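In: model this:
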Amino acid sequence: MGLKIPDTITLEEFEKIIKITKKLKMKTAFKFAFWEGLRVSEVINLKPQDINIQTGFIHVKKGKGNKDRDIPLFPEVIHSVRYLPVGVSRQALHKAIKNKGKKALNKDIHFHTLRHSGASYYLNERRVDIKYIQDLLGHTRLSTTQIYLHVNPQQLKNAFENARR
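Out: Residues are numbered from 1 along each chain as shown. Got it, this is the predicted structure:
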């Protein structure tokens, strides 16, 4: 039995959530999960001194498996750095995204959905190489990252329509 494809939301859906999120700390947490692929514990532990704006990198300390990693600082989160640390609990983040998902999208989503969605966006929409996604997410095995390679039905249709031209 294979791994279940994680639930994801589109960039447009993510932007709807961001738009209705008024608390800057929550908005910041959501952006770092989606754009930077951070886990909830990594978002909670992220501090301004972990970010080097000059070099354009975030140093993630003690991620899953107690591993550190350096990841690029993406433009979508630069203005949110000032709201770090987010200073909210894991439970507060889970509750907030659940609430915003229902309100904005009428969907039951989880905080980890943001990480899955960002990874899927980079792979499927931006065509970033899977090896880079593996490093961004801090996965040891490529097989863990491969669950993001799912193709949505419209992409499948477009691929075959383009192949016929």
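
In: Strands along this structure, start to end?
Out: For the chain, the strands defined by DSSP state E occupy 51-52, 57-60, 69-72.

In: Give me whichever of those is most buried.
Out: Per residue and on average, the most neighbours among the strands of the chain fall to strand 57-60, with a mean of 19 (mean count of other C-beta atoms under 10 Å). (Each C-beta comes from the backbone N, C-alpha and C, glycine too.)

In: For the longest helix that the chain contains, give the mean pLDDT please.
Out: The longest helix of the chain (DSSP state H) is helix 90-105. Averaging pLDDT along helix 90-105 gives 97.

In: If you count neighbours, what's buried in that helix?
Out: The neighbour-count check on helix 90-105 (16 or more other C-beta atoms under 10 Å) flags 92-93, 96-98, 100-101, 104-105 as buried.

In: Between the strands of the chain, which one is closest to residue 23.
Out: Nearest to residue 23 among the strands of the chain is strand 51-52; the distance by C-beta to C-beta comes to 20.5 Å.
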